[in-house]
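Novice: what follows is a protein structure lacking sequence information:
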């Protein structure tokens, strides 16, 4: 059955009894510790559904909607926040949401931009797993309420379904080997990062280039307390994603950088990019990174060796960095 990619709130209200609704609300939080998550929640969907509840969903959701919880539907890995499960594992989770094969799924989000970012991720996740009878609610729960849709609080009582992934659509996701780095003009690609202000011109300062110009040395997260830097004579680049409130935290890091042999490079919020000066020794780098970690300003911090000097306005984020 062919369905529209986007459905309007009025249509959802009118067809309420003929669709299965999923709430894809997700609250931003620091990436979970990979080892801890794997031990406690990986493929343990019952445990996750009991312990990883979303307060926004509990406070208000469309009547009868199950919560497609990003903290359960995906799992964190070293390189990704939302790593896809195997088809069998994903099927096991979605069955718990009361989804049956053949259901017309309507997915919605909430908040900024009508929650379309979260709803769209959930939508394409189902498409990847070969399920095409799925739509996104235009405008999210806010638009649904304006259309006189019924909402509720607490948890919906949901019986298990029989959803099962039949096959995956590998055309949905592009692999690194699929990207023609030598001829990027032959493809069309979009920068999907949020605009800081829709009225201002959005200029990307992070462009896709050949990833060979960087070699990852290590990843340093808030769960790490010790790390070792390899000795070499190359300059190093530190890429940091700041936690809110970003303006004050950026000022703190700028002050720290001024006291060290690092210099700030042009970058777009919420990223902060620093490069070590030739005079910066390994011991000084290690000491400064420790002080940086103690400020608790970063969600993720990666330390890299810069192998090739680029134009000052163009930087490459290594693909292993979690954004």
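Specialist: On my side now, so go ahead. Quick caveat, the model's predicted, so the values are computed rather than measured.

Novice: distance between the ends of stretch 48-66?
Specialist: Distance across stretch 48-66, first residue to last, is 14 Å (Cα to Cα, to the nearest Å).

Novice: the chain should start at 56 in everything you say after this.
Specialist: Right, with 56 as the first residue, what we last looked at is stretch 103-121.

Novice: average pLDDT for it?
Specialist: For stretch 103-121, the mean per-residue pLDDT is 95.

Novice: ok, now stretch 226-239?
Specialist: On average, stretch 226-239 scores 76.

Novice: can you count the residues close to residue 160?
Specialist: 23 (other Cβ atoms under 10 Å). Where C-beta positions appear, they are placed from N, C-alpha and C, glycine not excepted.

Novice: residue 93 versus the nearest residue to residue 87 once chain neighbours are set aside, what's the distance?
Specialist: Nearest residue to residue 87, sequence neighbours excluded (Cβ to Cβ, 6 or more residues apart in numbering): residue 131, at 4.9 Å. Taking Cβ to Cβ, to the nearest Å as the measure, residue 131 falls 8 Å from residue 93.

Novice: the two: who's more crowded?
Specialist: Set residue 131 next to residue 93 and count neighbours by other Cβ under 10 Å: residue 131 wins out with 21 against 15.

Novice: my read: that one touches residue 138, true?
Specialist: Yes: applying Cβ atoms under 8 Å as the test, residue 131 and residue 138 come out as touching, 6.7 Å apart.

Novice: low-confidence ranges in the stretch 106-255 of the chain?
Specialist: For the stretch 106-255 of the chain, residues meeting the criterion pLDDT under 70 lie at 231, 236, 245-255.

Novice: how about the helices in the protein?
Specialist: Here the chain has its helices, by DSSP state H, at 64-69, 89-95, 100-106, 110-114, 125-128, 142-150, 171-183, 195-201, 301-313, 337-349.

Novice: and those helices: which comes nearest residue 235?
Specialist: Closest to residue 235 of those, according to Cβ to Cβ: helix 171-183, at 22.0 Å.

Novice: so that closest one versus helix 142-150, what angle?
Specialist: With axes from the mean of the first three to the mean of the last three Cα atoms, to 10 degrees defining the directions, helix 171-183 sits at 130 degrees from helix 142-150.

Novice: could you name the helices and strands sitting against helix 171-183?
Specialist: Other helices and strands packing on helix 171-183, by 3 or more Cβ pairs under 8 Å, 6 or more residues apart in numbering; DSSP states H and E, are helix 125-128, strand 160-163, strand 189-192.

Novice: partners of the last one in the sheet?
Specialist: Okay, so that is strand 189-192. Taking DSSP bridges as the criterion, strand 189-192 forms sheet pairs with strand 61-62 (parallel), strand 160-163 (parallel).

Novice: looking at the ones you listed, which is buried most?
Specialist: For the strands paired with strand 189-192, the largest average neighbour count (mean count of other Cβ atoms under 10 Å) is found in strand 160-163, namely a mean of 26.

Novice: neighbouring contacts of that strand?
Specialist: Residues outside strand 160-163 that contact it (Cβ atoms under 8 Å, 6 or more residues apart in numbering) are 62, 67, 74-79, 117, 120, 123, 154, 170, 174, 177-178, 181, 186, 188-192, 195-196, 199.

Novice: ok, of those residues, which come out buried?
Specialist: Burial by neighbour count, judged by 16 or more other Cβ atoms under 10 Å, picks out 62, 67, 74-79, 117, 120, 123, 154, 170, 174, 177-178, 181, 186, 189-192, 195-196, 199 from the contacts of strand 160-163.

Novice: shouldn't residue 206 be in contact with residue 118?
Specialist: Yes: assessed by Cβ under 8 Å, residue 206 is found in contact with residue 118 at 6.1 Å.

Novice: overlap in contacts, those two.
Specialist: In terms of Cβ under 8 Å, 6+ apart, residue 206 and residue 118 are not both contacted by any residue.

Novice: how close does residue 107 sit to residue 129?
Specialist: 12 Å.

Novice: tell me which of the two has more neighbours.
Specialist: Between residue 107 and residue 129, residue 129 has the larger neighbour count (other Cβ under 10 Å), namely 20 against 17.

Novice: in terms of contact, does the more buried one touch residue 144 like I think?
Specialist: No: Residue 129 is not in contact with residue 144 according to Cβ under 8 Å; the separation is 10.6 Å.

Novice: give me the low-pLDDT residue ranges for the stretch 256-378 of the chain?
Specialist: 256-292, 294, 322-324, 332-341, 344-345, 347-378.
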